[in-house]
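>>> Dropping a prediction and its sequence here:
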Amino acid sequence: VQLVEIGGGGVQAGESLTLSCAASGNIFRIDTMAWYRQTPGKERDLVARDGDGMSCYADSAKGRFNISRDNAKNTVYLQMDNLGPGDTAVYYCNADGVEPGLGPFFRIPFDTWGQGTQVTVSS
């Protein structure tokens, strides 16, 4: 299973940006899709997650970011509003689920990452 992110770039503080991440490959079911971000020298932190019928957000993202999914397209989006310099990071998409495998009792779990997309917010 592969993930491809698009939508990163440079914006001014206060502006908006939407990231998208499309999953492709041998997919039977995607359970959770999420966005993380990472800055140099720091750990990769969760930004938003969608799975099990609910979404959750990091405190820094609440009220400004919105995660949504198009299950028919195996795609997850991250709408980011009112961006600030503190949001500058490489944003990574993550998805977990199962591949078809050899049948109902032989599904193969997957947990995969995209290549990352840079978001730069200037003050």
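The structure has been received and is ready for your questions. Just so you know, these numbers come straight off a predicted model, no measurement behind them.
>>> Can you list phi and psi of Thr117 for me?
When read as degrees, to the nearest 10, the backbone of Thr117 gives phi -140, psi 130.
>>> If you could redo that for Gly10, that was the one I meant.
Dihedral pair for Gly10: phi -110, psi 130, per degrees, to the nearest 10.
>>> ok, for it, nearest residue in space, not its chain neighbours?
Of all residues not flanking Gly10 in the chain, Thr120 sits nearest, at 4.4 Å (Cβ to Cβ, 6 or more residues apart in numbering). C-beta coordinates here come from the backbone N, C-alpha and C atoms, glycine included.
>>> now the one you found: how far from Thr75?
23 Å (Cβ to Cβ, to the nearest Å).
>>> Which one of those two is surrounded by more residues?
When Thr120 and Thr75 are compared for neighbours, Thr75 comes out ahead with 19 against 15, by other Cβ atoms under 10 Å.
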